[in-house]
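Undergrad: model this:
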Amino acid sequence: MSSRLILIICFFIGFIQTIAAQFSKPASNSIFGQFTYGNGSHEIICGSLTYINKKGFSITLQASNESRNSKNVPPDYEPGWLVIFGDGIPNVTIATSLVMVGKVFEEKSRLLQFDLRGGICYGTIERPVNFVKKSKSAFIFGSTSYYEYDIQKNRFIGFVVNPTMNIIVSRYIGFSAGMRSNINAQTITFGAELGVSIGSLRKRL
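TA: Take a look at the predicted model:
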């Protein structure tokens, strides 16, 4: 799966570079906040602050959270009766802080920007481990079984690749679409994401 991901990302970057050769540098500086949701190997939620200058370089500060159901849950695991949000299955969660730099190309109409960006991340990954089956007596249903488990927490330093297309619909509001991969010694995640951008995106046309 990781080799397929790398091929997809390389194709996506190559495609953008081919298009970007016909584009120019941004006509103005911009600074904006961006909120994105993505899905793939994990569910991805990100918040970021991006600055782009007229020379076509970007810098992005981002915080992200990625999660998916753990794959080591016992086959007979039952979430229980008190689940309100989610499916009750223990998750693997990845919290990441990162800095990305990128090269930005802008379409002549100034409606589209391509930001080829990536950077270094620092984060933590939490996994459920050591599942132990327990039983307890219940007043109505007799004895019931359940699982107890520990949370294993590891820290990592890695790389994030996040080529993004910005769609600028007004001076202050835009949308984005992109691909994202978090590559580190603990795991490799990937997915596609959509977002909304709010801030000073461009000067008046």
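
Undergrad: List phi and psi for residue 28.
TA: Phi and psi for residue 28, reported as degrees, to the nearest 10, are phi -150, psi 160.

Undergrad: Just want the most central residue of this protein.
TA: When Cα atoms, centre = their mean is applied to the chain, the residue found nearest the centroid is residue 44 (4.2 Å).

Undergrad: residues contacting residue 168?
TA: When contacts are counted by Cβ atoms under 8 Å, 6 or more residues apart in numbering, residue 168 touches 110-113, 174, 197, 201-202. (Each C-beta comes from the backbone N, C-alpha and C, glycine too.)

Undergrad: and the two most separated of these?
TA: Comparing every pair within the contacts of residue 168 by Cβ to Cβ identifies 110 and 197 as the most remote, at 14.1 Å.

Undergrad: more crowded one of the two?
TA: Between residue 110 and residue 197, counting by other Cβ atoms under 10 Å, residue 197 is the more crowded of the two (23 against 16).

Undergrad: Now for that one: which residues touch it?
TA: Contact analysis of residue 197 by Cβ under 8 Å, 6+ apart lists 32-34, 166, 168, 173-176.

Undergrad: if we can go back for a sec, name the nearest of the contacts of residue 168 relative to residue 76.
TA: Using Cβ to Cβ, the shortest approach to residue 76 within the contacts of residue 168 belongs to residue 197, at 45.6 Å.

Undergrad: Bridging across strands, which residues link to residue 96?
TA: Using DSSP bridges, the beta-bridge partners of residue 96 come out as residue 64, residue 123.

Undergrad: quick one: it and residue 120 touch, right?
TA: No. If you go by Cβ atoms under 8 Å, residue 96 and residue 120 don't touch, sitting 10.4 Å apart.

Undergrad: so what sits against both of those two?
TA: Common contacts of residue 96 and residue 120 (Cβ under 8 Å, 6+ apart): residue 160.
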